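> My questions concern the predicted model and sequence given below.
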Amino acid sequence: MGKNRDRLGLVAAILDAAGRGSTKTHVMNVANLSYKLLEKYLAETLRMGFIQKVGSKYSLTEQGRDFLKRYKHLQDQYLRVEQEFSSLMNQLEILERTCMQNKLAKSSLQQASC
């Protein structure tokens, strides 16, 4: 999906990193987030009920697991569509080249017969 992650991508990265129990530092490192972004999105995922904090560890709730599963499914679908689109664009280029080659060949034949 691109180099820069959107809001959902950041939330998913935190959920993925939190797993079954991780410290804040572990989540920050695994999710590859700055401390500022971690603080913002960790608080948001707690408010949404996607993670819970027990002592110094964060872990996924059922809601968080469900969200992460749905996000990964959507991401897989997006990648498949993106690959299909790329394939279609390649086929279009081939058709364009074929059309141009045929046009040039036809033009050459007409000039040769004059």
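Everything's here; your move.
> pretty sure Gln52 belongs to a strand, no?
Yes: assessed by DSSP: H, G, I helix; E, B strand; the rest coil, Gln52 belongs to a strand.
> quick one: pLDDT of it?
In this model, Gln52 is scored at 97, pLDDT.
> what are the bridge partners for it, then?
Beta-bridge partners of Gln52, counted by DSSP bridges, are Ser59.
> pretty sure it is in contact with Arg65, am I right?
No: with contact defined as C-beta atoms under 8 Å, Gln52 does not count as touching Arg65 (11.7 Å). (C-beta placed from N, C-alpha, C; glycine too.)
> wait, Thr61 sits on Gly49?
Yes: here Thr61 lies in contact with Gly49, judged by C-beta under 8 Å, at a distance of 5.8 Å.
> In terms of packing, which of the two has more residues around it?
Taking other C-beta atoms under 10 Å, Thr61 and Gly49 do not tie; Thr61 has more neighbours (17 against 12).
> so who does the more buried one touch?
49-52 (C-beta atoms under 8 Å, 6 or more residues apart in numbering).
> I'd like the distance between it and Leu15.
Distance, Thr61 to Leu15, using C-beta to C-beta, to the nearest Å: 10 Å.
> what is in contact with those two at once?
What both Thr61 and Leu15 touch, as defined by C-beta under 8 Å, 6+ apart, is the set 50-51.
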